[in-house]
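Visitor: When you get a sec, could you give me coordinates for this:
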Amino acid sequence: QVQLVESGGGLVQAGGSLRLSCAASGLTFSAYTMAWFRQAPGKEREFVGGVSWKGDSTNFTNSVKGRFTISRDNAKNTVYLQMNSLKSEDTAVYYCAARLGPLSTMGSGFRSWGQGTQVTVSS
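Guide: Numbers count the residues shown, from 1 in each chain. Okay, here's the model as predicted:
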């Protein structure tokens, strides 16, 4: 059974940084495209960024470009989201997700999801 477990969320001041981790089990991690989504209160879930199975391609939503990076360690079955220059509008529950196939921004394309980790940015 696929399990994705996020960690690293918390409370941070605007302008600060956090690094989220997502540990995967129950799958051949190196074969999966991984992505991060987020959902703020009262808003729909949105794509944040993704990384290809090899780690050589990434994509991001425009609002986080230049501030967030994604990396993965296939030996540790873990994907990371480094978030810098955080803004209050980044406050949300962040979810990692896995899919077989190319990078995608559509949540419907991801079969496996973590339980989420809360990120709160105070202004």
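Visitor: which SS state does the residue nearest the centre of the chain fall under?
Guide: When Cα atoms, centre = their mean is applied to the chain, the residue found nearest the centroid is residue 36 (2.4 Å). With DSSP: H, G, I helix; E, B strand; the rest coil as the basis, the three-state label of residue 36 is strand.
Visitor: Now it. Nearest residue, chain neighbours left out?
Guide: Nearest residue to residue 36, sequence neighbours excluded (Cβ to Cβ, 6 or more residues apart in numbering): residue 48, at 4.3 Å. To be clear about C-beta, it is placed using only N, CA and C from the backbone, and glycine gets the same treatment.
Visitor: and that neighbour, what is it in contact with?
Guide: Contacts for residue 48 (Cβ atoms under 8 Å, 6 or more residues apart in numbering) come out as 35-38, 60-61, 64, 68, 81, 94.
Visitor: filter the residues you listed to the buried ones?
Guide: 35-38, 60-61, 64, 68, 81, 94 (16 or more other Cβ atoms under 10 Å).
Visitor: Now distance to residue 1 too, for the residues you listed, in CSV please.
Guide: Converted to CSV, the buried ones among the contacts of residue 48 look like this (distance: Cβ to Cβ, whole Å):
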residue, distance to residue 1
35, 20
36, 21
37, 21
38, 24
60, 30
61, 30
64, 31
68, 29
81, 23
94, 22
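Visitor: from those residues, which is closest to residue 53?
Guide: Comparing the buried ones among the contacts of residue 48 against residue 53 with Cβ to Cβ places residue 35 closest, at 11.5 Å.
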